[in-house]
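J.: Build me a structure from this.
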Amino acid sequence: MNKNKIGLFFLLSSLVLILIPSSYLSLTGNAIAEIPNSSYSYLQIIGLALFALSILIFTSGQSLDAIIVPTGPSVEEGKERADRAGKEYKEHGAKVLIISGNKSNEEDKKQRYAMYQELRKYGIQPRQIKIEGQSKNTIENVVNSLKKIKELGGREIGIASNPSHLDRFEYIVKRGKAEGIIDKEMNIHRLETQLETQETFGKSVYGFLANMLNRYKLRHGIKNANQYQTPSLLRKAGKYIFGK
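T.: Coordinates of the predicted model:
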């Protein structure tokens, strides 16, 4: 069950116990009416305990079903994303980690190996690391990875990447849910490799242009998005910026 639903259940239960009027107790019979006033205090104490428990659940770290680690414009960027995913795994746990990228691309092969090695540093077992090798762009990263996670029964999903890239992921997920391509019960959690304020100017500009292009591709829906190719100049700019 989603931890937010559990937290909400405890929160509502606590409010009922704390706010229930003492006069209501007398309506349940003479036996209850004869209980000293302190018995209502016990209900309040239980309510306060449940309230504290609900706050603890809401503020505790989310245990994820899966973490998506998309390949990036460079090996170093991929390792940085894998490192963020590994830290999240070590702190909160996850059942499976998916490295998503183009299996036929030689550069992606090198990057996937580097990302795999980075994840293994955190004690993640080989059986927990899955490869999604059909994706050639961010849209396919999202759709193919989430399809694989749904088959494994996952709903709480983290995505490790830089802030502007995660903006693209979130927009694609939103469109996918609206089009019925992505399960509406899936929840996405941002695992940022750096704070948005720390993202370099070059990455921010590249991210802005990529997000605009992403929205342009999606204007006729996800299924028709792949007929529009990313300009080679923008791809080269991305490799240069992230390589630096």
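
J.: residue ranges of the helices in the protein, please?
T.: 3-19, 22-26, 30-33, 38-59, 75-92, 106-120, 138-151, 163-178, 201-217, 232-243 (DSSP state H).

J.: so what's the spatially most central residue of the chain up against?
T.: For the chain, residue 189 is the residue whose C-alpha lies nearest the centre (CA atoms, centre = their mean; 2.2 Å). By CB atoms under 8 Å, 6 or more residues apart in numbering, the contact set of residue 189 is 62, 64, 156, 157, 158, 159. For glycine as for every other residue, the C-beta is placed from the backbone atoms N, C-alpha and C.

J.: so how many other residues sit close to residue 107?
T.: Residue 107 has 15 neighbours, counted by other CB atoms under 10 Å.

J.: ok, now which ones touch the residue nearest to it when sequence neighbours are not counted?
T.: Here the nearest residue to residue 107 in space, its sequence neighbours aside, is residue 75; by CB to CB, 6 or more residues apart in numbering that works out to 8.0 Å. Counting by CB under 8 Å, 6+ apart, residue 75 touches 107, 110, 111, 114.

J.: Just the buried subset of those residues, please.
T.: Buried members of the contacts of residue 75, scored by 16 or more other CB atoms under 10 Å, are 111, 114.

J.: how about CSV for the contacts of residue 75, with pLDDT and distance to residue 19 added?
T.: CSV is the format used below for the contacts of residue 75 (pLDDT from 0 to 100; distance: CB to CB, whole Å):
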residue, pLDDT, distance to residue 19
107, 80, 61
110, 90, 61
111, 92, 56
114, 95, 56
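
J.: so which of the contacts of residue 75 comes closest to residue 167?
T.: residue 111 (21.7 Å; CB to CB).

J.: Touching stretch 137-155 from outside, list them.
T.: Against stretch 137-155 from outside (CB under 8 Å, 6+ apart): 2, 65-66, 68, 70, 95-96, 98, 100-101, 130, 132, 134-135, 157, 165, 168-169, 172-173, 176, 181-183, 185-187, 210, 214, 217-218, 222, 225-226, 230.

J.: Where does pLDDT dip in this structure?
T.: 1-4, 20-41, 57-62, 195-198, 228-244 (pLDDT under 70).

J.: hmm, try it at 50
T.: Along the chain, segments meeting pLDDT under 50 span 1, 23, 25-39.

J.: okay, now the domains of it?
T.: According to automatic domain parsing, the chain comprises the domains 3-59, 64-243.

J.: quick one: which of the contacts of stretch 137-155 sit in strands?
T.: 65, 66, 68, 70, 95, 96, 98, 100, 130, 132, 157, 187 (DSSP state E).

J.: Are any of these buried, and if so which?
T.: 65, 66, 68, 70, 95, 96, 98, 100, 130, 132, 157.
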